[in-house]
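*Asks:* Here you go, sequence then predicted model.
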Amino acid sequence: MKKIFVAVDGSEHGWKALDYAAELAVGMKAELFVYTVLKPSDSGALLAMYDMDDPMLATEVSGMDDLGEKLLSEAKNRLPAAVNAEFEYQVGYPPEMILQAAEKNGADTIVMGSRGLSGIKELLLGSVSNHVVHYAKVPVVIVK
C-alpha cells in the first residue's frame with residue numbers, strides 16, 4: 001500500500017476515519033491523501049462549523065471555500081508529524097467526486113466515516129459511504 005485516500009467532512013466519523021488512516025499510513029509507511037468535498041446545497045456542514053450569527057451563512061457558496069480550507073486546516077492539525085500527506089478541497093457531488101479524486105490520485109485504498117454531516121440518516125451506512133463502497137475500484141475501509 002503506497003497511497004491512502006481519506007475523505008473528511010468535519011463530522012465525528014470523518015475525524016475518526018482521519019485518525020485511522022493516519023495510523024495506517026504510519027504503519028504501512030504510506031502517503032496520505034486528505035480530501036474534502038462539499039456540495040453547495042449542504043448547509044448542514046456550514047451550520048456545524050459556524051455560529052448561526054456568522055456572516056458566512058448569508059453567502060453559502062462563497063462560504064464553501066472558507067469551510068473547505070477550515071476543514072483541511074483542522075485535518076492538518078490532527079495529523080502526527082510522521083505522516084506525509086497531501087490535501088485537496090473541491091465543491092461538487094461528494095460520492096462521485098470522492099471516487100474520481102481517489103482514482104486520479106492513485107489511491108490504493110479509501111478510508112471514510114460511516115456517516116457524515118448529511119441530514120438524512122441511512123440504516124447501515126451514510127449515503128456517501130454506501131455509494132463509494134459500491135462503486136470504488138479499490139478497497140474501502142469504513143470507520144465507525
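*Replies:* Structure's in. What do you need?

*Asks:* Can you tell me the SS state at Ser86?
*Replies:* Actually, residue 86 is Glu. It isn't Ser. strand (DSSP: H, G, I helix; E, B strand; the rest coil).

*Asks:* now swap in Arg115 and tell me
*Replies:* At Arg115 the chain is in coil, as set by three-state DSSP.

*Asks:* Mind pulling the model confidence for it?
*Replies:* Per-residue pLDDT puts Arg115 at 75.

*Asks:* Specify the beta-bridge partners of the closest residue to Ala85 other than its chain neighbours.
*Replies:* With sequence-adjacent residues excluded and distances taken as Cβ to Cβ, 6 or more residues apart in numbering, Ala85 is closest to Leu32, at 4.1 Å. All C-beta spots, glycine's among them, are computed from the backbone N, C-alpha and C. Under DSSP bridges, the beta-bridge partners of Leu32 are Ile4, Ala85.

*Asks:* Report how many residues lie close to Leu32.
*Replies:* Each residue near Leu32 was counted by other Cβ atoms under 10 Å, and the total is 23.
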